[in-house]
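>>> Structure here, sequence nowhere to be found:
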């Protein structure tokens, strides 16, 4: 096996071998833990040769497992005759029996570059095929944990130990109680915390790794904003619009020491800092903006919200990152005046920021509501851990 962390199965084989039946049985057995696809690159290769059409490689080296079902040609012909009563269609189906040898040949050839499990189903019934496949999946996939983990995953590890949750990492993919956690939507699979659904509060859990006794959130606020972003800046070009707004309005901002951001006297570059040092760094600014338009379709709640609250930053929310205003509704309820001030675009954030900064009681009200919201989430989480209501397996 080239990949340990597989969630996508490509079910292959000639017509009549039982692909559709296996897919439905896998869905039922694992309660949709695996995503199953009917045919993939193996079929593409065979049919491209058979029908004289181009063949394109699109799945090589991806973390997909090919499950290739084969069968003796006489048995395969028997199965096709049992399921097809229309004579015209029957002859068409029987003409495909000879594809079986091609599937065997090319599956062995492609197994050098693709993860393949080849199963001869000739003497197996539907249930036996499922059992053989499940035995392979349960023994070969997700069995080896990473020996070393990233600084990001260390934070999950700290919190999981604190709350008695099981934690492991496989090919940089975090698992909590053996559930894959989607903390990076372009790399990882699994469940994730949303703005309102806290059954899998992975980023809330992440924030609980910070030692609050080491955080100085009441330090002197010497910057207007912070928005520290490194690798993800290419996925969030709207951040540059916020940077332009800050420059236009003569507002200071803490940013990452990232070459993609132009030098400007209003911006202070920060080298990478981790754990409590990160919170203490962003605590030097008065405000931030929650912005993740790339994640908006998932409503995936990132840790930035919680980190900013821990740092006593006033959190503005980008309108296009949370189009239904769910985050601010969670914090402020029916207080529409405050929600409209904090629900922003690059065109409105600087003006709204000045309105808040001129009203100390309003500023304190916002910070109090943020902290009350966060502390309630923590309290509910701890109660749910005791009652086994979070990170519950399928």
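Arrived safely. Nothing here was measured: the structure is a model prediction, and the numbers come from that model.

>>> immediately after the helix or strand bottoming out on mean pLDDT in the chain, which helix or strand?
Using mean pLDDT, DSSP states H and E, helix 87-94 stands out as the lowest-scoring helix or strand of the chain, at a mean of 63. Sequence-wise, the next helix or strand downstream of helix 87-94 (DSSP states H and E) is helix 99-110.

>>> Quick one: mean pLDDT over the helix or strand just after that following helix.
Using DSSP H and E, the next helix or strand after helix 99-110 towards the C-terminus is strand 115-120. Average pLDDT, strand 115-120: 96.

>>> Flag every buried residue along strand 115-120.
Applying a neighbour-count criterion of 16 or more other C-beta atoms under 10 Å, one finds 115-119 buried in strand 115-120. Bear in mind the C-beta positions are built from the backbone N, C-alpha and C, glycine included.

>>> strand partners of that strand, parallel vs antiparallel please.
strand 64-70 (parallel) (DSSP bridges).

>>> And the strand it pairs with, how far out from the chain middle?
Distance of strand 64-70 from its chain centroid, counting by C-alpha atoms, centre = their mean, to the nearest Å, is 25 Å.

>>> what's the offset of the next helix or strand along the chain from that strand from the middle of its chain?
Remark: after strand 64-70, the chain's next helix or strand is helix 73-83, criterion DSSP H and E. Relative to its chain's centre, helix 73-83 lies at 43 Å (C-alpha atoms, centre = their mean).

>>> count of neighbours near residue 306?
Close neighbours of residue 306, defined as other C-beta atoms under 10 Å, add up to 25.

>>> That one touches residue 207, doesn't it?
Yes. Residue 306 is within contact range of residue 207, at 3.6 Å (criterion: C-beta atoms under 8 Å).

>>> What's the separation between residue 323 and residue 301?
Look at residue 323 and residue 301: by C-beta to C-beta, to the nearest Å, they are 15 Å apart.

>>> Over to residue 335?
Residue 335 sits 21 Å away from residue 301, going by C-beta to C-beta.

>>> same deal with residue 140?
Distance, residue 140 to residue 301, by C-beta to C-beta: 33 Å.

>>> Equivalent analysis for residue 100, please.
49 Å.

>>> now swap in residue 336 and tell me
Relative to residue 301, residue 336 is positioned 22 Å away (C-beta to C-beta).

>>> ok, those two, which is more surrounded?
For the pair residue 336 and residue 301, the greater number of neighbours falls to residue 301 (26 against 13), based on other C-beta under 10 Å.

>>> just checking, that one touches residue 203?
Yes. Contact criterion C-beta under 8 Å: residue 301 and residue 203 qualify, at 5.6 Å.

>>> intersection of neighbour lists for those two?
In terms of C-beta atoms under 8 Å, 6 or more residues apart in numbering, residue 301 and residue 203 are both contacted by the residues residue 193.

>>> Phi, psi for the spatially closest residue to residue 40 that is not a sequence neighbour please.
With C-beta to C-beta, 6 or more residues apart in numbering as the criterion, residue 40 has its nearest non-adjacent residue at 3.7 Å, and that residue is residue 10. Phi and psi for residue 10, reported as degrees, to the nearest 10, are phi -100, psi 110.

>>> burial measure for residue 10, as a count.
Residues lying near residue 10 (other C-beta under 10 Å) number 23.

>>> Where does pLDDT dip in the stretch 251-394 of the chain?
The model of the stretch 251-394 of the chain has pLDDT under 70 over residues 394.

>>> and if we set it to 90?
Along the stretch 251-394 of the chain, the model assigns pLDDT under 90 to residues 393-394.

>>> residues touching residue 41, list them.
Here residue 41 is in contact with 10, 57-60, 110, 114 (C-beta under 8 Å, 6+ apart).

>>> Going through those, which ones are buried?
Buried residues within the contacts of residue 41, defined by neighbour count using 16+ other C-beta under 10 Å: 10, 59, 110, 114.

>>> ok, the nearest residue to residue 211 once chain neighbours are set aside to residue 253 distance?
Using C-beta to C-beta, 6+ apart and skipping residues adjacent in sequence, the residue nearest residue 211 is residue 276, 5.8 Å away. Separation of residue 276 from residue 253 (C-beta to C-beta) stands at 22 Å.
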